[in-house]
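Participant: need a structure here:
(one chain, ligands or ions: 1)
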Amino acid sequence: MQNNAMRELLKLSCNAKTRSGHPCKSTTVKGKKRCRMHGGTNNGAPKGNMNSFKHGYYTKENIAKRSEIHKLIKECRKLSQELEGDY
Ligand SMILES: [Zn+2]
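Facilitator: Numbers count the residues shown, from 1 in each chain. Here you go, the predicted model:
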C-alpha cells in the first residue's frame with residue numbers, strides 16, 4: 001500500500017482510456033507505461049507474427065511507400081501554388 005502511494009506521488013498512472021471515457025487511475029506495472037489491467041503485463045505480439053496479416057496495407061514497406069507518395073503530393077501542391085503565384 002505504501003509502495004503504491006509512493007508511485008502515485010511519482011505520477012506513474014496508467015492513463016489508458018476506460019470504458020466510461022475517463023483516464024485510468026491505476027498505477028503502472030514497473031518499467032511499463034500501463035497498469036496490469038490495460039496491458040502492462042502483456043509483451044505484445046512476437047516478432048514476425050502473421051496472425052492478423054490479410055492484405056499487407058499496414059506492413060512497414062507499404063507504410064513507407066504511402067509516406068513517400070504523400071511527401072511527393074505535398075511537394076507537387078507546394079510547387080503548383082508557387083507557380084500559380086507567379087501569374
Ligand atoms: Zn490502466
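Participant: Close to the ion: what parts of this protein are there?
Facilitator: Contacts of the chain with the ion, taken as Cβ under 5 Å from the ion, map to 14, 16, 24, 26, 35, 38. The C-beta positions use only the backbone N, C-alpha and C, and glycine is treated the same way.
Participant: Can you give me the pLDDT of the nearest residue to the last one once chain neighbours are set aside?
Facilitator: Right, residue 38. Among residues not flanking residue 38 along the chain, residue 16 sits closest, at 3.8 Å (Cβ to Cβ, 6 or more residues apart in numbering). pLDDT, residue 16: 94.
Participant: Hmm, residue 16 is touching residue 24, no?
Facilitator: Yes - with contact defined as Cβ atoms under 8 Å, residue 16 reaches residue 24; the gap is 4.5 Å.
Participant: Now the common contact residues for those two.
Facilitator: Contact criterion Cβ atoms under 8 Å, 6 or more residues apart in numbering; residues shared by residue 16 and residue 24: 35, 38.
Participant: Near residue 30, how many other residues are there?
Facilitator: 8 (other Cβ atoms under 10 Å).
Participant: Pull out the buried positions in stretch 67-74.
Facilitator: Using 16 or more other Cβ atoms under 10 Å as the burial criterion, none of the residues of stretch 67-74 qualify.
Participant: Quick one: distance of that stretch to the chain centre.
Facilitator: 21 Å (Cα atoms, centre = their mean, to the nearest Å).
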